[in-house]
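> Requesting a structural model of the entry that follows:
(chains A and B)
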Number of protein chains: 2
Amino acid sequence: MKPIKVGLLGIGTVGAGTFNVLKRNQQEITRRAGRGIEITMVADLNTERARELTNGECEVVSDANLVVNHPDIDIVIELIGGYGIAKDLVLKAIANGKHVVTANKALLATHGNEIFKAAQDQGVMVAFEAAVAGGIPIIKALREGLTANRIEWIAGIINGTTNFILSEMRDKGLDFDVALKEAQRLGYAEADPTFDIEGIDAAHKATIMAAIAFGIPMQFEKAYVEGITTLQATDILYAEELGYRIKLLGIAKRAHVNGQEGIELRVHPTLIPEKRLIANVEGAMNAVLVHGDAVGATLYYGKGAGAEPTASAVIADLVDITRLATADPEHRVPHLAFQPDAMTDTPILPMSEITTSYYLRMHVADLPGVLADVTRILADASISIDAMLQKEPAEGESQTDIVILTHQTQEKNIVAAIAKMEALSTVVGKVIKIRLEELS
Amino acid sequence: MKPIKVGLLGIGTVGAGTFNVLKRNQQEITRRAGRGIEITMVADLNTERARELTNGECEVVSDANLVVNHPDIDIVIELIGGYGIAKDLVLKAIANGKHVVTANKALLATHGNEIFKAAQDQGVMVAFEAAVAGGIPIIKALREGLTANRIEWIAGIINGTTNFILSEMRDKGLDFDVALKEAQRLGYAEADPTFDIEGIDAAHKATIMAAIAFGIPMQFEKAYVEGITTLQATDILYAEELGYRIKLLGIAKRAHVNGQEGIELRVHPTLIPEKRLIANVEGAMNAVLVHGDAVGATLYYGKGAGAEPTASAVIADLVDITRLATADPEHRVPHLAFQPDAMTDTPILPMSEITTSYYLRMHVADLPGVLADVTRILADASISIDAMLQKEPAEGESQTDIVILTHQTQEKNIVAAIAKMEALSTVVGKVIKIRLEELS
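Purely as a prediction, here's the structure:
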């Protein structure tokens, strides 16, 4: 059987990695796929660099339309990124009856519904293992490996940049700004790190995982997104003293509010017990914890970024498509794990309705009765206290920190309680609130 | 489309779990599979219990042949276990053109080549996610998720019973016998625990993983198998002092000996650095670490046994078959990850040829020159020392323990060196040897 022909859009870091791994492991990959898989065309604005990277082994063009319109191309890999031209090209490729592989989480989280609808209508596959957690086959695990389960929740460290920064902050007691600069120096953070440190990248990935875990459309616009830019080294230390690590988690969870099912979809710094395996995922590594009703907790760990780990996922998708291309499109693995006509409209819950535990830190005057006032406010709101830490004031200081870990409560309750605490004359400044998940 | 019809052979713990999960999550599973999946026949010698468990919702027979020969059955689930009748029934089901799902690692590791050949000839699928690491979708990860990679090695905690026993020995300082009794009392070990504690079960699973990772036939008879029955609490303590945990690992690894490629396939207690995530997998949990040349290290963690975790894997296979049944048998996912005509005959290396590091413990007379003699033997064999621990003799004792961690060397070298050490008049009794893997 003749090799399957692949057109590559964008030969940057991941594109070059894909080209190289495909070439290096061609024999191994062909043994698995049953036929060769060859990149025969590359589109990149920098044609000179593209020619160098591909050693003249394939046709290089600057106009990506030439690839998506080429009759010989079976699969298009989109590695351009962003929502603009990438979206147009993916839709054109689909319209031309080509299968698509993409690592573009931003595109899928925001325009996935339109793209998958188009693919469904055309009977082609759009595969996106590389869009979430790099080389870890988490999309496959959710879409195929755990199909017996009612998925209850997912919690993932799905952004390597922020995990690296948090690891540095904890290891070396650094402040956020210093750790960010270190991450940039080492290439773990981009010059403009906004998407990573503000949690947007993690929210794109959480949105995609929520869709395939629960059979709901992509709803990035409804995700709650909080990054790590305001996180203080102090809180990392206090958390550690209490037996917790702080990680930026992407969380997707089934919940029930007033008897109605809803989905929590949120990204924020989170305290997790240090004894959990996922709490010990350090540096730029990724890990996703999935809880299914039959299987219980399963964890998937590996490199979430980088040229070859991401290429590993892109090529796995190429092999999948090669293996499944002959299957009846109506019945083969659905793009989003659930059949298109079996998606539900379970709503994403507003943040005020979610339920979790909380870490609270407040700076208070070292006076009698402060703790009584604060705990009274929590008691009145029926919020139980799980642990507390009160520090002696530093030498010559008249103020001190109180740290409280609460039991589970709804976000709106804690927000109301915090407002009351901040109104106390003895509480100085803002009360710091960080969510806490036991992940048990 | 009408539901796919499944016949279940053997309704013990896992069979009942499969029946229950399939029923409980029928709606969710149908939404994913695109059609219903129903167990319509159950064969079990204990028909009374089978009828109770299935609430009269399906036909119960005592003769499994009635199921594998029934024209309405599309998929047969084999949960009988063992090599005898299970093998006959699986082969009959295949001959009758039925797809097969099995959790039977012993059967596959010993008769898999014959079974997969028969399935290939008939154009049916034999799926076995439940055969390795219970609910963790590790077969899928190896066979589909990591297809871009040249897999370099796999190291797994793939037997929950022994991991539970080792965790107890370390946590509570128990001896093996006591920890085994505790495991039996809690239901983590069977009345006859031989298959688990002697490493045979883990070797079955390692054999299967090696086949799909490297594209080689099942060769259980060539696996090196060493259990945990002779492991002493002392060595767990010394290992800990040196920063290591002892786990029973199933290892499959590419190696080169004298320029020839070979495969290491071995199960034995292994020291691993405590900072590795997999070193912190406790109790009856399973985890598999896979190293691919592109993706680097990935880890898969979850419950390796139990009714519902195993059912999770069995049902995922049912969904896979339902989704892929229409694909061209020549090209859909191959049973063993590689196309049948692309398997290699890379040899399994004899244990004397494998390369690893070692933990050595010897009991020696507390006399000058002992250490010099021992280290001279290692130096003469070009074996470097990585760390050493020498204890003061206990009060009133004239003998003491020396513990040495070596760098990598071939097994035959260490065996020869140990023979020389044991011949020293100052070394008392046997030298304890435990292999050590850095897993980096």
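> Report how many residues lie close to A:Gly187.
9 (other C-beta atoms under 10 Å in any protein chain shown). In short, each C-beta sits where N, CA and C put it, glycine included.
> now A:Ile151
So A:Ile151, with other C-beta under 10 Å, has 24 neighbours.
> nearest residue to it other than its sequence neighbours?
Setting aside the residues directly before and after it, A:Ile151 is nearest to A:Ala213 in space (C-beta to C-beta, 6 or more residues apart in numbering or on different chains), at 4.2 Å.
> Is that neighbour part of a helix or strand, or is it coil?
helix (DSSP: H, G, I helix; E, B strand; the rest coil).
> so what's it up against?
If a contact means C-beta atoms under 8 Å, 6 or more residues apart in numbering or on different chains, then A:Ala213 has A:142, A:151, A:154, A:252, A:290, A:337 as its contacts.
> JSON lines for those, including secondary structure, distance to B:Lys172 and pLDDT?
Converted to JSON lines, these look like this (DSSP: H, G, I helix; E, B strand; the rest coil; distance: C-beta to C-beta, whole Å; pLDDT from 0 to 100):
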{"residue": "A:Leu142", "secondary structure": "helix", "distance to B:Lys172": "37", "pLDDT": "98"}
{"residue": "A:Ile151", "secondary structure": "strand", "distance to B:Lys172": "35", "pLDDT": "98"}
{"residue": "A:Ile154", "secondary structure": "strand", "distance to B:Lys172": "34", "pLDDT": "98"}
{"residue": "A:Ala252", "secondary structure": "strand", "distance to B:Lys172": "38", "pLDDT": "98"}
{"residue": "A:Val290", "secondary structure": "strand", "distance to B:Lys172": "31", "pLDDT": "98"}
{"residue": "A:Ala337", "secondary structure": "coil", "distance to B:Lys172": "43", "pLDDT": "93"}
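> Please convert the buried members of those into ChimeraX selection syntax.
Selection of the buried residues among these in ChimeraX, burial being defined by 16 or more other C-beta atoms under 10 Å in any protein chain shown:
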select /A:142,151,154,252,290,337
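> What is the nearest of the contacts of A:Ala213 to chain B?
A:Ala337 (5.9 Å; C-beta to the nearest C-beta).
> which residues touch A:Ile263?
Taking C-beta under 8 Å, 6+ apart, one finds A:210, A:214, A:216, A:252-255, A:346-349 in contact with A:Ile263.
> Just give the closest residue to A:Lys420, not the sequence neighbours.
Using C-beta to C-beta, 6+ apart, the closest residue to A:Lys420 is A:Ile377 (4.7 Å).
> Determine the number of other residues adjacent to that neighbour.
Neighbours around A:Ile377, by other C-beta under 10 Å: 19.
> Check the offset of stretch A:67-75 from the chain's centre.
31 Å (C-alpha atoms, centre = their mean, to the nearest Å).
> Likewise for stretch A:33-41?
30 Å.
> what's the answer for stretch A:275-283, then?
16 Å.
> How about stretch A:393-404?
Distance, centroid of stretch A:393-404 to centroid of chain: 37 Å (C-alpha atoms, centre = their mean).
> got a list of what A:Ile377 touches?
A:417, A:420-421.
> so when I look at it, I'm seeing a strand, right?
No - A:Ile377: not assigned to a strand; according to three-state DSSP it is helix.
> pLDDT value on it, please?
Confidence at A:Ile377, expressed as pLDDT, is 98.
> now the one 3 residues further on
The pLDDT attached to A:Asp380 in the predicted structure is 97.
> Show me how chain A divides into domains.
Chain A is divided into the following domains under automatic domain parsing: A:4-127, A:138-302, A:354-436.
> between the ones you listed, which gets nearest to B:Thr298?
domain A:138-302 (3.6 Å; C-beta to C-beta).
> Can you measure across that closest one, start residue to end residue?
10 Å (C-alpha to C-alpha, to the nearest Å).
> what's A:Leu166 in contact with, if anything?
A:179, A:228, A:231, A:236, A:246-248, A:269.
> Would you format those as a markdown table with pLDDT included?
Below are the contacts of A:Leu166 laid out as a markdown table (pLDDT from 0 to 100):
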| residue | pLDDT |
| --- | --- |
| A:Ala179 | 97 |
| A:Ile228 | 98 |
| A:Leu231 | 97 |
| A:Ile236 | 97 |
| A:Ile246 | 98 |
| A:Lys247 | 98 |
| A:Leu248 | 98 |
| A:Pro269 | 98 |
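> Next, give phi and psi for A:Glu264.
phi -90, psi 130 (degrees, to the nearest 10).
> Can you get me a residue count around the nearest residue to it once chain neighbours are set aside?
Using C-beta to C-beta, 6+ apart and skipping the chain neighbours, the partner closest in space to A:Glu264 is A:Lys253 (4.3 Å). A count of nearby residues for A:Lys253, using other C-beta under 10 Å, gives 23.
> residues in contact with A:Lys253?
Contacts for A:Lys253 (C-beta under 8 Å, 6+ apart) come out as A:152-154, A:263-264.
> shouldn't A:Leu378 be in contact with A:Ala417?
Yes - when contacts are counted by C-beta atoms under 8 Å, A:Leu378 is listed as touching A:Ala417 (5.9 Å).
> before we move on, the earlier item: now the contacts of A:Ala213 in CSV, with distance to B:Gly369?
Output for the contacts of A:Ala213, formatted as CSV (distance: C-beta to C-beta, whole Å):
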residue, distance to B:Gly369
A:Leu142, 62
A:Ile151, 64
A:Ile154, 61
A:Ala252, 65
A:Val290, 58
A:Ala337, 68
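> Tell me the one among the contacts of A:Ala213 nearest to B:Asp366.
A:Val290 (54.3 Å).
> On the strand side of things, show who the closest one bridges to.
A:Ile154, A:Thr298 (DSSP bridges).
> on that earlier part again, per-residue pLDDT of the residue nearest to A:Glu264, please?
A:Lys253 is given a pLDDT of 98.
> Run through the bridge partners of it.
A:Trp153, A:Glu264.
> any idea how far it lies from A:Ile151?
The spacing between A:Lys253 and A:Ile151, counted by C-beta to C-beta, to the nearest Å, is 9 Å.
> next one: A:Gly304
The value you get for A:Gly304 to A:Ile151, if C-beta to C-beta is used, is 20 Å.
> same deal with A:Gly262?
15 Å.
> Number of residues surrounding the residue lying closest to A:Ala118 once chain neighbours are set aside?
Among residues not flanking A:Ala118 along the chain, A:Ile94 sits closest, at 4.8 Å (C-beta to C-beta, 6+ apart). Residues lying near A:Ile94 (other C-beta under 10 Å) number 25.
> for A:Ile94, what are its contacts?
A:Ile94 sits in contact with A:100, A:115, A:118-119, A:122, A:124, A:126, where contact means C-beta under 8 Å, 6+ apart.
> With only the CA atoms kept, save stretch A:366-385 in CSV.
Extracted as CSV, the C-alpha positions of stretch A:366-385 are listed here (Å, rounded to 0.1, in the frame of the first residue of the first chain):
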residue,chain,number,x,y,z
ASP,A,366,-2.6,41.0,67.7
LEU,A,367,-5.5,41.8,70.0
PRO,A,368,-7.8,39.6,72.1
GLY,A,369,-11.0,38.6,70.4
VAL,A,370,-9.8,38.7,66.8
LEU,A,371,-9.9,35.0,66.3
ALA,A,372,-13.3,34.8,68.0
ASP,A,373,-14.7,37.4,65.5
VAL,A,374,-13.3,35.6,62.5
THR,A,375,-14.4,32.1,63.5
ARG,A,376,-17.8,33.4,64.4
ILE,A,377,-18.3,34.8,60.9
LEU,A,378,-17.4,31.3,59.5
ALA,A,379,-19.7,29.5,62.0
ASP,A,380,-22.6,31.9,61.1
ALA,A,381,-22.1,30.9,57.5
SER,A,382,-22.0,27.2,58.5
ILE,A,383,-18.5,26.9,57.2
SER,A,384,-16.4,24.4,59.3
ILE,A,385,-12.8,24.9,60.0
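> I'd like the distance from that stretch to the chain centre, please.
The answer for stretch A:366-385 is 36 Å, by C-alpha atoms, centre = their mean.
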